[in-house]
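Colleague: Got a sequence here, can you build the structure:
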Amino acid sequence: MKIALSQQPEQQHIMSKKREIPVFDHPIIETHCHLDYLEGEALDAALQAARAVNVERIMTIAVSPDNLDKVMALTQQYPQVWGTQGIHPHDANDYSDAVDAQIRANALHAKILAVGEIGLDYHYDYSDRAKQRDAFERQLQIAIDLELPIVVHTREADEDMEAILRNFVGQMPKRGVIHSFTSGQALAEYCLSEGFCLGFNGISTFKAAENVREIIALTPVEQILFETDAPYLTPIPYRGHKNEPKYLPFIAEHVALVKGVPLDTLLPQVWKNSVEVFFAGH
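Modeller: A predicted model of the protein is given here:
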C-alpha cells in the first residue's frame with residue numbers, strides 16, 4: 001500500500017485495527033531499537049520488513065556490559081545498521097573501569113554514533129540510585145571526550161536528570177536525544193532549550209498517554225526523532241505483538257496528527273533531524 005505524503009490521515013483511520021503498514025515515499029530513520037534481542041532468521045526477517053516500508057537506516061542501542069560487543073557486531077554485519085555504546089541505568093550496578101574502557105574503545109568505531117543508552121530510572125530502581133548517577137556522569141564524560149551525542153533514558157527522575165545535565169551540558173560538543181520521552185513538561189522544556197531532541201515511539205499512540213501527546217504538541221518539529229524501542233512498546237494498531245522497526249510509519253503518522261503537520265512536511269524534517277544528531281559526516 002502506498003500513501004501519498006500529502007494525505008493527512010484521520011484519527012479513525014490511524015487507529016483502525018490491523019491495517020497494513022503504510023509506506024511513504026520519503027525514507028525514515030529508526031533511531032532507537034534493540035536488534036540484538038533478535039537472532040538468525042528472525043533478525044534477517046525484521047530487517048527485510050523494515051526495508052520494505054522504507055525504513056532506510058536503523059540504530060541499535062547498547063544497554064549492558066554483555067551486549068556492547070553484540071551491538072558492535074551487528075553494525076559490522078549489516079550496512080543499514082548503526083549503533084551506540086553505553087550502560088542503561090538498570091545495569092548501573094555493573095559499571096566498572098573495565099566497562100568504561102570498553103565503551104571508550106568501541107565508541108571509536110565509525111559505525112558507533114553515540115553514547116547510550118544512559119541515564120536514570122527511579123521507577124524500577126534496579127540499580128542503586130547513587131550508582132545510576134555515577135554511571136550516567138561517567139558516560140557523559142565519555143561523550144564529551146569523544147565528541148559524541150548521547151541517548152538518554154529517564155524515568156521518574158526529572159529533577160536529578162536536569163541537575164546532572166546542567167552540570168555537563170556546557171562541556172558537550174554535541175547534544176543528542178532524550179529517548180522515549182515520558183517525563184514532565186519542565187524537563188522537556190529544559191532539554192529543548194539546550195538543543196536536545198526528544199524521541200517519540202509507540203507510547204504516543206496509547207490511549208492513556210495524553211501526557212506524551214502534550215509534549216509532542218509543544219516540541220518543535222526541528223527537535224523530534226522517531227523510534228520504536230523494539231521489541232517493546234508496539235504502537236497501535238499492533239499493540240500486543242512484538243515490536244519491530246517496520247512499525248515506525250505508524251508512529252510517524254501519529255506524530256503528524258498530533259502536531260497538525262502534513263506528512264510531506266514532517267518526514268523530511270525528522271529525517272534531517274536524525275542525520276544532524278547522529279549521521280553528520282557518515
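
Colleague: And the helices in the stretch 151-282 of the chain?
Modeller: Assigned by DSSP state H, counting those that start in this stretch, the stretch 151-282 of the chain shows helices spanning 158-168, 185-193, 210-218, 248-259, 263-274.

Colleague: between those helices, which gets nearest to residue 148?
Modeller: Residue 148 lies closest to helix 158-168 among the helices of the stretch 151-282 of the chain, at 13.0 Å (C-beta to C-beta). To be clear about C-beta, it is placed using only N, CA and C from the backbone, and glycine gets the same treatment.

Colleague: Looking at the helices of the stretch 151-282 of the chain, spot the one closest to residue 149.
Modeller: Using C-beta to C-beta, the nearest of those to residue 149 is helix 263-274, at 11.0 Å.

Colleague: just the helices of the stretch 151-282 of the chain: most buried one?
Modeller: helix 248-259 (a mean of 22; mean count of other C-beta atoms under 10 Å).

Colleague: which helices and strands does that one pack with?
Modeller: helix 11-15, strand 28-33, helix 210-218, strand 224-226, helix 263-274 (3 or more C-beta pairs under 8 Å, 6 or more residues apart in numbering; DSSP states H and E).

Colleague: gap between the longest helix belonging to the chain and the chain center?
Modeller: Using DSSP state H, we find that the single longest helix of the chain is helix 129-146. How far helix 129-146 lies from its chain's middle: 19 Å, per C-alpha atoms, centre = their mean, to the nearest Å.

Colleague: among the helices and strands packed on helix 248-259, which gets the worst mean confidence?
Modeller: Ranked by mean pLDDT, these end with helix 11-15 at the bottom, a mean of 49.

Colleague: picking that back up, from the contact counts, what lies against the longest helix of the chain?
Modeller: Counting contacts by 3+ C-beta pairs under 8 Å, 6+ apart, helix 129-146 packs against helix 97-106, strand 112-121, strand 150-155, helix 158-168.

Colleague: Out of the ones you listed, which gets nearest to residue 135?
Modeller: Of the helices and strands packed on helix 129-146, nearest to residue 135 by C-beta to C-beta is strand 112-121, at 7.2 Å.

Colleague: Give me the sheet partners of that closest one and which way each runs.
Modeller: strand 81-85 (parallel), strand 150-155 (parallel) (DSSP bridges).

Colleague: Turn these into TSV, columns for distance to residue 54 and mean neighbour count.
Modeller: What follows is the strands paired with strand 112-121, written out as TSV (distance: least, C-beta to C-beta, whole Å; neighbours: other C-beta atoms under 10 Å):
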stretch	distance to residue 54	mean neighbour count
strand 81-85	16	27
strand 150-155	23	26
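
Colleague: could you dump these to a markdown table with distance to residue 48?
Modeller: Shown next, in a markdown table, are those (distance: least, C-beta to C-beta, whole Å):
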| stretch | distance to residue 48 |
| --- | --- |
| strand 81-85 | 13 |
| strand 150-155 | 25 |
